[in-house]
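Undergrad: only the shape, not the letters, is given here:
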């Protein structure tokens, strides 16, 4: 027997409880774990708090050797189309502090954890339109509903330099030219176009979304555990390179721009009903079509 | 007050004059500057002289802090389908000297200036078929007319190693396999196909070309100046990497091949009417279709 | 006269003989060399022996300065859909030794030789469905028959970590997301889809396959010898980077996974008729459609 | 108030307790945290268990925003010169499983956590000779005692492919040629030579080691919190690139070699007294000089 | 004759005049150009104005084809040990605007121009201690006086994130570990140590500094013009890679930190006589030794 | 039994004979193979013929699985200090053809073969002063005699752009600044300095050179065959990256410069006795000291 005992790895029932305000977690007997992100049981409304929870979730799930495939999705009709009304009060109160803690640190951490800390296959199931779609698009395999719309509101919507995870994601998946257009114009991409461009792997009816994700997971589970885990290191290499090349510096440039404007970044994203003629109102209309 | 005064930055009215033989320059009150390249008022006819002027223009425009968005286009029905009949007499007279000065130095400089010296958003508006389309395609956003045709005549047309800006551009936008095919066969790509492949972002009727470019510029101008400028550093990163990886060496290989053949590179590209059955005659026919 | 004489380069008639059990080699007066891979005169049946012969062929052809364009194809209706029934007996007998000699060394060598040792333009002519399609897809230009199907059976078919040449190939040509899907699910891609995705440059009727390859070769041969050869160094640069970034390490990860399972990798790929419901049986059905 | 509350970050008193069997943790009022690694109160004796604890420690410390500078050191006269006698029983019992879990996963995780999860300045204080010195050498600043000896026993000592963290570390700090020599011959480097070669930044008397580390930490603490944290992203960029380029693949190659030999990797490293004439006996003698 | 005439390249006598308040420019008949930077005839005192002039000088000199070797030095006993007392009044008055214009844009431009716009061999002749030594160290060849001291005051001196040109320079020349130490502690490196570490190529007596620079220039001038110019593209490739990898992002991170502190960056660097016990007072003492 | 038989790998006795005019080859029972390069039994005199033979040798030795460690050295007092008097008659007769065949192709091939085709540990034993020292310096381990002098005569000696293997080698081992100095000034580095700078691993008396190389080989042979071979893929990764990044393009730039001068590159390197005051005469004097 060794002279020292393992520091325990996280137990599912424990972190299921810890994260319940943010994610509905369930796991089958094979170790396929499903995380349904929510705010108060409905679609995600972005806040400093749930932004931080993403990296915390990914690294916790990755540290439990009993998890074997990870499925990530949202809740309700949208993936993320709103901001918690008071969700950025903290940032506004002390922009200098939170621009690092909330923005630069947490924002890089959740992308990095998704790619690096989860050494098991990941499936993103995008349950409708939303920003921060990189959370689904940077999973190994991505499926989405027919009404999903992908767009980046940073530049065109909230006047922010688009330097965080979503810009890495779009540059990797769309290439330099289509990404420049998407980032500078905020032009939305619907599910069918996303499939053609290779942003997602499959478009499925809403009611089949989780079922199909589980089918794919079951196919993956047919192979040997070590093979499954090693395969993630092969298929994610381009993501790892992209993050290294673009994220630390890009996010720094974004926050520099943020502070140069000297105001909280999330002004103007309401829970529902954006100002007529604004970027987000346009997206909402595009979504409804 | 500082002990020293700024070296003046370029003034628009001055360089508007300096460059008038090459570019019709105009600028609106917001700082959106439009450069219409021309030769004697018509479409560009490539020469040692206008080849050099490109880098000179881009670095001058970039050095004037009053420019905010840059639109680049040609003149007439073609972007660039001809060579100034005596435009390479200099090169032919002293191939060893000009292969460096005209080819290697100027040729790398204009690509590098477009990406590095112009820290403002750039829009390429390709006004018809032409070679050296990288001048429009490597702008941040690219639109083109419905009759635009994109092709690289280096290998198939004039027997040159395709190692300059256009090869960087096509490898970045088409990927290794489609680029190899385009470079080795000289196969032309029409506007619709260019849109599908992501070489351009929009195809617009000829008469709307500049109007649409200005609309896009206006959308960009709605954001904060620093945010606009920093965003160029985010969206161009893949171009910067591509240039570093491929251009200095690739251009060296091209000029090595050029001197190994020991003749001026631009023989055979006439102002109008190419030899029946030749590559460029084929392109002209493709263009007319 | 120099003090020493050249070590002779390989002679066509010699290596035509040496390789005849593996490749039918022919060469025209211009130096366009055609290699038709076969097993016993029919489609390739993979074995330790013909796996090694690939790198041997590519480096030999590359060392003969009289070869000018290389065309590579298979034989019969399939490119490679079977395994020599006893072709991996060696590997099974001494997995530890052959995992390096056959797998890691030969497997990296043939990819590396195709890209690095053959400094002449290469044309892959895929003559039907098959695995290890990277042998055709990593040629400079690739054409295929209408019934060609491209897929990677490593993960989904034989439970192996997909870390060898085909994974480099698919990541380069499909991008991270489509490649992850293809590698994790083994989903087959037919000729038309392969053309749309840019995996191949042209789809041609089976009976025209070699004729079309020769036409393309003839077009290339119109240019200067040095220009042709230097051009390969331009157009292959992305392949060289991909191989450096992914192959040595990726193949190491694959073989680690292989030994962790501790059984020969090619179990279950029969010459004909795979178990009903198995991955390869599904591919066969897909192929027949 | 936001709709959701932060998932709590780790509390010092909690993880001080959790890790006490592995690390003596203390923290001053400024947030300078000191971790003294030990086995049963003495020098580290490597085992599967404490190997895993490293990544667990680094990511926990990094997740607590109250930590500001991290100092890492060992205990006693050596940093790590022995193996827990039964510390690899697990690995020997199921080499296929543990080669991934213990080797590939934990081994990459602790290097990656040190660089990526700890966004605060780190100081390695090497308290004597030892293997796995990358744990100290990959801290931002490294100091060591006068009797410290640095060496890599993988190839020359235990016949393993040197592909894990220490090889990344030595290639980054020594360059390709000195690293090749150190890795292939196992040649030990003493403190003075390590200083000349830039492996460490300062050599200090043993009794001043922690005091000096704290002095350096105090100097760093004079600057603004955000500045300190952002600076880590600047100064570690080369480590991040090295890890991306070398670690996933290199470790895969190492484990491939490990399984090809098919025996547990840590045979032959005893707690004290190695076989006369063996590599480790030679190192012990070198250390004593 | 071509249809268009060259836009004139800069004339020496013109720009000698333009830049005279910043640089004493002289040129011999071979085209060896010497730039002696000064403020009011003495050592450089950094200001927003002379900071901008650097990039302006380098790109102007590079655009004149009659320049063949460039020698850059300072004036007086120091290279740059002071700040123009009112030199940053502009920055303090509008930090948001000037952090981009003065900091991010000019600061990246002068490094980039030195490496990219000057395609002729460059020799840095550091005439004494100073910050922003990258201006000399990033020349192709660097010599310095015996009393030169190299240090980076960003972190330890003025509490700034060290992300601009000097950090690129020190990481390239010192490697990750020595650079981290130099950047975090601000530890000064004297001329002899700089020679040993490879920061400079030769240490020469002050009175011989320019003479020796000219001797080296004369040696270079013995070779063919094109060969000299192409050689710069070979020997600078590592600088080009470093700048691409580190500068845009690193500088963004620096300015983010700068704005997070929300005060002008150059507070506390006086023309002479720094506060006792401060970092710069310590450097002054180190310099005097 | 497989359906096809292995294409035979090279047999030692065969290639020992084939290469005897260039290399004295011997091999012990363990597979340690020693290649002593010579011209007519004495030190190497560079020619088009022996330049080509290098790549031929390395790929042949690498293709024989019975070779286990490779030792490369020269003959006599010098490694390579002369040019075969008529060794470049071919090049002079048809510069355009041979600049590719001899220069670009063979010159890249021998570097690439040494690193890629020889998957066994390599030891360079430099037996005295010489150019093209990269042949020894790019072996995994390098030892040299006390009178060895390392220098690059391309720029300072023969007026050539230094873009081939030696520039890769010096940039990798010396770093950007020392390499720029060595390449631009041709400054020679003696054995002791080479050891300090890490160009070589050990300096040994001439009479012990081969003995010591064999001792090191014997140490390496104590480990498992697969471990030895895989280790080469770990320790050479920086060389592989350097070659990819610099060689194809750098060599293209060199040959471009070469043809721009339009004369054979090896004029002026005599077998013995160089013109007084010339670069090579200076090196000879330096060597004699």
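TA: Arrived safely. Note that the structure is predicted; figures quoted are calculated from it, not measured.
Undergrad: now chain A, which segments are flagged as low pLDDT?
TA: Scanning chain A for pLDDT under 70 picks out A:263-276, A:286, A:288-289.
Undergrad: contacting residues for the residue nearest the centre of chain A?
TA: The centre of chain A sits closest to residue A:135, judged by C-alpha atoms, centre = their mean, with a distance of 1.6 Å. Residue A:135 makes contacts with A:54, A:72, A:110, A:114, A:124, A:165, as judged by C-beta atoms under 8 Å, 6 or more residues apart in numbering or on different chains. Where C-beta positions appear, they are placed from N, C-alpha and C, glycine not excepted.
Undergrad: quick check: it is in a helix.
TA: Yes: counting by DSSP: H, G, I helix; E, B strand; the rest coil, residue A:135 is located in a helix.
Undergrad: now residue A:118: closest residue in space, sequence neighbours ignored.
TA: residue A:62 (4.2 Å; C-beta to C-beta, 6 or more residues apart in numbering or on different chains).
Undergrad: helix, strand or coil for the one you found?
TA: helix.
Undergrad: against chain C, how distant is it?
TA: As judged by C-beta to the nearest C-beta, to the nearest Å, residue A:62 and chain C stand 18 Å apart.
Undergrad: from residue A:33, how far out is that residue?
TA: Applying C-beta to C-beta, to the nearest Å, the value for residue A:62 to residue A:33 is 11 Å.
Undergrad: name the residues of the stretch 1-150 of chain A found near chain C, please.
TA: A:121, A:137, A:140-142 (C-beta under 8 Å from any C-beta of the partner chain).
Undergrad: show me which of the residues you listed is closest to chain B.
TA: Closest approach between these and chain B, by C-beta to the nearest C-beta: residue A:137, at 17.3 Å.
Undergrad: might one say that that closest one is in contact with residue A:173?
TA: Yes: using C-beta atoms under 8 Å, residue A:137 is in contact with residue A:173, at 6.6 Å.
Undergrad: more neighbours: which of these two?
TA: residue A:173 (25 against 22; other C-beta atoms under 10 Å in any protein chain shown).
Undergrad: residue A:195 is in contact with the more buried one, correct?
TA: No: the criterion here is C-beta under 8 Å, and residue A:173 misses it with residue A:195 at 11.8 Å.
Undergrad: follow-up on the earlier one: tell me the one among the residues of the stretch 1-150 of chain A next to chain C nearest to residue B:154.
TA: residue A:137 (36.7 Å; C-beta to C-beta).
Undergrad: need the contact list for the closest one.
TA: A:124, A:126, A:150, A:169, A:173, A:199-200, C:177.
Undergrad: what distance do you get for it to residue C:226?
TA: Note on residue A:137: its distance to residue C:226, by C-beta to C-beta, is 45 Å.
Undergrad: thinking again about what came up before, let me see the contact set for the residue nearest to residue A:118.
TA: Residue A:62 touches A:113, A:117-120, counting by C-beta under 8 Å, 6+ apart.
Undergrad: sorry, back to before: what residues are shared contacts of residue A:62 and residue A:33?
TA: With contacts taken as C-beta under 8 Å, 6+ apart, not a single residue reaches both residue A:62 and residue A:33.
Undergrad: name the element the nearest residue to residue A:109 once chain neighbours are set aside belongs to?
TA: Leaving aside its chain neighbours, residue A:109 sits nearest to residue A:55 (3.7 Å; criterion: C-beta to C-beta, 6+ apart). Assigned by DSSP states H and E, residue A:55 belongs to helix A:48-63.
Undergrad: what angle do that helix and helix D:48-63 make?
TA: Taking axes from the mean of the first three to the mean of the last three C-alpha atoms, to 10 degrees, helix A:48-63 and helix D:48-63 form an angle of 170 degrees between their directions.
Undergrad: next helix or strand past helix A:48-63?
TA: Helix A:48-63 is succeeded, C-terminally, by strand A:69-73 (DSSP H and E).
Undergrad: let me have the contacts of residue A:137 in a markdown table, adding distance to chain B and secondary structure as columns.
TA: Rendered in a markdown table, the data for the contacts of residue A:137 read as follows (distance: C-beta to the nearest C-beta, whole Å; DSSP: H, G, I helix; E, B strand; the rest coil):
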| residue | distance to chain B | secondary structure |
| --- | --- | --- |
| A:124 | 23 | strand |
| A:126 | 22 | strand |
| A:150 | 16 | strand |
| A:169 | 13 | helix |
| A:173 | 11 | helix |
| A:199 | 13 | coil |
| A:200 | 17 | coil |
| C:177 | 14 | helix |
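Undergrad: returning to what we had before: contacting residues around the residue nearest to residue A:109?
TA: Contacts of residue A:55 (C-beta under 8 Å, 6+ apart): A:106, A:109-110, A:112-113.
Undergrad: what do you get if the cut-off is 6 Å, keeping everything else the same?
TA: A:109-110, A:113 (C-beta atoms under 6 Å, 6 or more residues apart in numbering or on different chains).
Undergrad: repeat for residue A:201
TA: A:141-142, C:181.
Undergrad: which one of the residues you listed is nearest to chain F?
TA: Among the contacts of residue A:201, and counting by C-beta to the nearest C-beta, the member closest to chain F is residue C:181, at 28.6 Å.
Undergrad: which residues in the stretch 101-250 of chain A form strands?
TA: A:122-126, A:141-145, A:149-150, A:189-190, A:202-204 (DSSP state E, counting those that start in this stretch).
Undergrad: which residues sit against the second one?
TA: Okay, so that is strand A:141-145. Contacting residues not belonging to strand A:141-145 are listed as A:123-128, A:136, A:191, A:200-204, A:206, A:209, A:212, A:216, C:181 [C-beta under 6 Å, 6+ apart].
Undergrad: which of these are buried?
TA: A:123-128, A:136, A:191, A:200-204, A:209, A:216, C:181 (16 or more other C-beta atoms under 10 Å in any protein chain shown).
Undergrad: tell me the contacts of residue A:110?
TA: Applying C-beta under 6 Å, 6+ apart, the residues near residue A:110 are A:54-55.
Undergrad: could you rerun that using 8 Å?
TA: Contact analysis of residue A:110 by C-beta under 8 Å, 6+ apart lists A:51, A:54-55, A:58, A:135, A:165.
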